[in-house]
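Using only what follows, build the 3D model:
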Amino acid sequence: MPANVHSAQVHMHLEIEGTSLPIAQLGPDFLILEQTIQHPATRGEIVLQIDASKRRWKVSLPESLAAAGQRTVIKG
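Next comes the predicted model:
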């Protein structure tokens, strides 16, 4: 009898001034964006959705956003 297998649907993005930026990787004090965008230090909100559960939290980005694939420092 096959095991009941579930693969969660995970979506992460950073919202800054009305713009939604997809996150490729998220750590406790950094994020890595999927695409490059030029933006100075600012505040934003991370949105993490796992299946139907959604969580949001505000973060500070004390440095400008890093290029795609590079770490951007965040502070919660």
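
all strands for the protein, in order.
For the chain, the strands defined by DSSP state E cover 10-16, 19-26, 30-33, 42-50, 53-61, 71-73.

Could you dump the ones you listed into TSV and include distance to N4, mean pLDDT and mean neighbour count?
C-beta: built from backbone N, CA, C; applies to glycine. Rendered in TSV, the data for the strands of the chain read as follows (distance: least, Cβ to Cβ, whole Å; pLDDT from 0 to 100; neighbours: other Cβ atoms under 10 Å):
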stretch	distance to N4	mean pLDDT	mean neighbour count
strand 10-16	19	97	16
strand 19-26	28	96	14
strand 30-33	33	96	18
strand 42-50	18	97	15
strand 53-61	19	97	12
strand 71-73	37	95	17
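
Give the buried residues for stretch 33-42.
33, 39 (16 or more other Cβ atoms under 10 Å).

State the distance spanning the first to the last residue of it.
15 Å (Cα to Cα, to the nearest Å).

quick one: contacts for G27?
R71 (Cβ atoms under 8 Å, 6 or more residues apart in numbering).

For it, give its distance to N4.
31 Å (Cβ to Cβ, to the nearest Å).

Skip the chain neighbours and tell me the closest residue to I74.
Closest residue in space to I74, ignoring its immediate chain neighbours: V59 at 4.5 Å, by Cβ to Cβ, 6 or more residues apart in numbering.

Distance of the one you found relative to H6?
Taken as Cβ to Cβ, the span from V59 to H6 is 29 Å.

Check K58 too.
For K58, the distance to H6 - Cβ to Cβ - is 30 Å.

and if you look at I37?
33 Å.

How about Q49?
Distance from Q49 to H6, by Cβ to Cβ: 16 Å.

Kindly report the same for R55.
For R55, the distance to H6 - Cβ to Cβ - is 19 Å.

same check, this time on A24
From A24 to H6 the distance is 23 Å (Cβ to Cβ).
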